[in-house]
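*Asks:* sharing a model that was predicted from the sequence below.
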Amino acid sequence: MRRVVTWSAGASAPARSDVLILQGLPPGADPTPRIAALYDSALAVYRETAEPRAVVASISPEAFRDVYHGDGRNASRTPLETIAPGARQLALFVATIGERVTHRIQDLFDGNMPALAAMLDSVASAAVDRLTSLLGSGVDSGVVATNDEARAEDWRTLAYSPGYCGWHVSGQRALFAFLRPEEIGVTVRASALMEPLKSVSGVLVTGPRKIHRFAPAFPFCADCPERPCRERIAALSNAAGET
């Protein structure tokens, strides 16, 4: 099943803490009055200009293998090669907050308002991450089952995107050919980057929590200084009350 999902700008607005982390503030730190005012102004601009929407479609394991192979440029070993076969459901997605936000960011830079432009850029980036979370929750995408099996096995839905964890960014082309997200105004460049820039794509993998765990010891992990997978895996354990 393929469907288009839309949200209000308010529903997609990110938490202030997520935005301030992108601004370089430590988690839990209180912003100065100036930073707090900039955040409020940027959030107001975001609410005026954002047009959050997504296209999502379920995909069979066989079809996903073809999409994931893409142009054949993936790493020789990747986490998704072991994660996807253990999934109960797979769904491809492309989500965006629209091009008006990106244009406003550029307008602010051009108008010599770099502080507000940078804050709006952080709001927009955090908002795109929030769209992924909204889709992953299953509330809007409809990919998370609510039956007894899902509860018994403690299912989780996590997103994996081209450009990360060995999935070569050129995989965007096969993903776009399957989803056809031009309907929501998102296209892919020859470089495999998306337009508008504040967009995200990938696969939602739903299955037992355990399938999402992997050790970040792949050769390409050396080129990933932040290794956000560690936080995601730790969150899976914390959600289950594990230590």
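*Replies:* Yep, that arrived.
*Asks:* CA atoms for contacts and neighbours, from now on please.
*Replies:* OK.
*Asks:* mind checking pLDDT for the closest residue to residue 178 other than its chain neighbours?
*Replies:* Nearest residue to residue 178 in three dimensions, chain neighbours excluded: residue 67, at 7.8 Å (CA to CA, 6 or more residues apart in numbering). As predicted, residue 67 sits at a pLDDT of 96.
*Asks:* helix or strand next in line after the helix or strand hosting residue 67, which one?
*Replies:* Per DSSP states H and E: residue 67 is located in helix 61-69. For helix 61-69, the following helix or strand on the C-terminal side (DSSP H and E) is helix 80-83.
*Asks:* buried residues in that next one?
*Replies:* Buried positions in helix 80-83, judged by neighbour count with 16 or more other CA atoms under 10 Å: 80, 83.
*Asks:* restrict that helix to CA atoms and write it as CSV.
*Replies:* In CSV, the C-alpha atoms belonging to helix 80-83 read as follows (Å, rounded to 0.1, in the frame of the first residue of the first chain):
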residue,chain,number,x,y,z
LEU,A,80,20.7,-3.9,6.9
GLU,A,81,21.7,-7.2,5.2
THR,A,82,21.1,-8.9,8.5
ILE,A,83,18.4,-6.6,9.9
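*Asks:* so for it, what's the average pLDDT?
*Replies:* Across helix 80-83, the average pLDDT comes to 94.
*Asks:* mind checking pLDDT for residue 171?
*Replies:* Confidence for residue 171, expressed as pLDDT, is 94.
*Asks:* helix, strand or coil for it?
*Replies:* Put simply, residue 171 is helix when judged by DSSP: H, G, I helix; E, B strand; the rest coil.
*Asks:* wait, it touches residue 162, no?
*Replies:* Yes - counting by CA atoms under 8 Å, residue 171 does reach residue 162; the two are 5.9 Å apart.
*Asks:* ok, residue 17 - contacts?
*Replies:* Contacts for residue 17 were tallied using CA atoms under 8 Å, 6 or more residues apart in numbering; they are 27-28.
*Asks:* which helix or which strand is home to it?
*Replies:* Taking DSSP H and E as the criterion, residue 17 maps to helix 16-22.
*Asks:* any idea whether the closest residue to residue 21 other than its chain neighbours is helix, strand or coil?
*Replies:* The shortest distance from residue 21 to any non-neighbouring residue, by CA to CA, 6+ apart, is to residue 27 (6.3 Å). Secondary structure assignment for residue 27 (three-state DSSP): coil.
*Asks:* correct me, but residue 27 touches residue 19?
*Replies:* No - Residue 27 is beyond contact range of residue 19, at 10.3 Å (criterion: CA under 8 Å).
*Asks:* coming back round to it: can you name every helix or strand that the helix holding residue 67 contacts?
*Replies:* helix 172-179 (3 or more CA pairs under 8 Å, 6 or more residues apart in numbering; DSSP states H and E).
*Asks:* quick one: contacts of the helix it packs on?
*Replies:* Outside helix 172-179, the residues that touch it by CA under 8 Å, 6+ apart are 2, 55-57, 67-68, 70-71, 92-94, 162, 187-188, 192-193, 201-202.
*Asks:* hey, what's the angle from it to helix 61-69? Just curious.
*Replies:* Between helix 172-179 and helix 61-69, the angle comes out at 150 degrees (axes from the mean of the first three to the mean of the last three CA atoms, to 10 degrees).
*Asks:* check which element follows helix 172-179 along the chain.
*Replies:* Next in sequence after helix 172-179, counting helices and strands by DSSP H and E, comes strand 187-188.
*Asks:* adjacent strands (with direction) for that following strand?
*Replies:* Strand 187-188 has the following sheet partners, assigned by DSSP bridges: strand 194-195 (antiparallel).
*Asks:* tell me which helix or strand comes right after the partner strand.
*Replies:* Defined by DSSP H and E, the subsequent element after strand 194-195 is strand 199-208.
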